[in-house]
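S.K.: What follows is a protein structure lacking sequence information:
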Ligand code: SF4
Ligand code: SF4
C-alpha cells in the first residue's frame, strides 16, 4: 500500500507545503504540521518517564498512550505553548500547537493526483510511495497511512557497551 512518506532528515520547515495545503477542500489548512507532530512524537521524542510536557499542561491535553508515545488531544489544547517551553529537548515546535488546528486527511480521494504537500515541497521531503518499515534504514510507520524517515531516539543507544 502506498503511504505518505515524510523525511524529517530533509524537511527544513520551509513552509512551502503549508501554503499549498490551503486549497478548496482545506481552507487555511496546515495539515503537514499535524503529521510532523505525530512523526516527532513517534521518533525523536525521548518518551520521558516524568514527561515535563505532560506535567506542564494545565488542560490535560497531553497524555502518554499505550505504545509510550505522547498524544495531544486537540479539542482540549488551548495553544498556550507551555508544553513547548517545558520540553527540554525542543521536540514540540510552536507550529505543532496552533490555536486553530489543522488535520491531514491524506487527500484520500485525490485519485491520480499528488497531494499538494508532495508537489510543492522543493526538497522532495514529502512523497507518496510504496515503502516497507525498516529500522535499519530509519524508516518507521506511524499509523496506517504515514511513514517517517528519521533517526529514532532510543534509550538503549545511550547505554555504555556491556563488558565481556
Ligand atoms: S499548548 Fe496545548 S498541549 Fe501544550 S500545554 Fe498548552 S494546552 Fe497543553
Ligand atoms: S518533554 Fe519533550 S522529550 Fe519529554 S516526553 Fe515530552 S515531548 Fe517528549
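M.R.: Looks like it came in fine. All values reported here derive from a predicted model rather than from experimental measurement. Residues are numbered from 1 along each chain as shown. Ligands and ions are numbered 1, 2, ... in the order given.
S.K.: Checking the closest residue in space to residue 100 that isn't next to it in sequence next. Helix, strand or coil?
M.R.: Sequence neighbours aside, residue 28 is the residue nearest to residue 100 in space, at 7.0 Å (criterion: C-beta to C-beta, 6 or more residues apart in numbering). (Each C-beta comes from the backbone N, C-alpha and C, glycine too.) Three-state assignment for residue 28 (DSSP: H, G, I helix; E, B strand; the rest coil): coil.
S.K.: Moving C-terminal from the lowest-mean-pLDDT helix or strand in the chain, which element do we reach first?
M.R.: In the chain, the helix or strand scored least confidently by mean pLDDT, DSSP states H and E is helix 16-21, which has a mean of 85. Downstream of helix 16-21, the next assigned helix or strand under DSSP states H and E is helix 31-43.
S.K.: That following helix near ligand 1 at all?
M.R.: No: between helix 31-43 and ligand 1, judged by C-beta under 6 Å from any ligand atom, nothing touches; the nearest distance is 10.4 Å.
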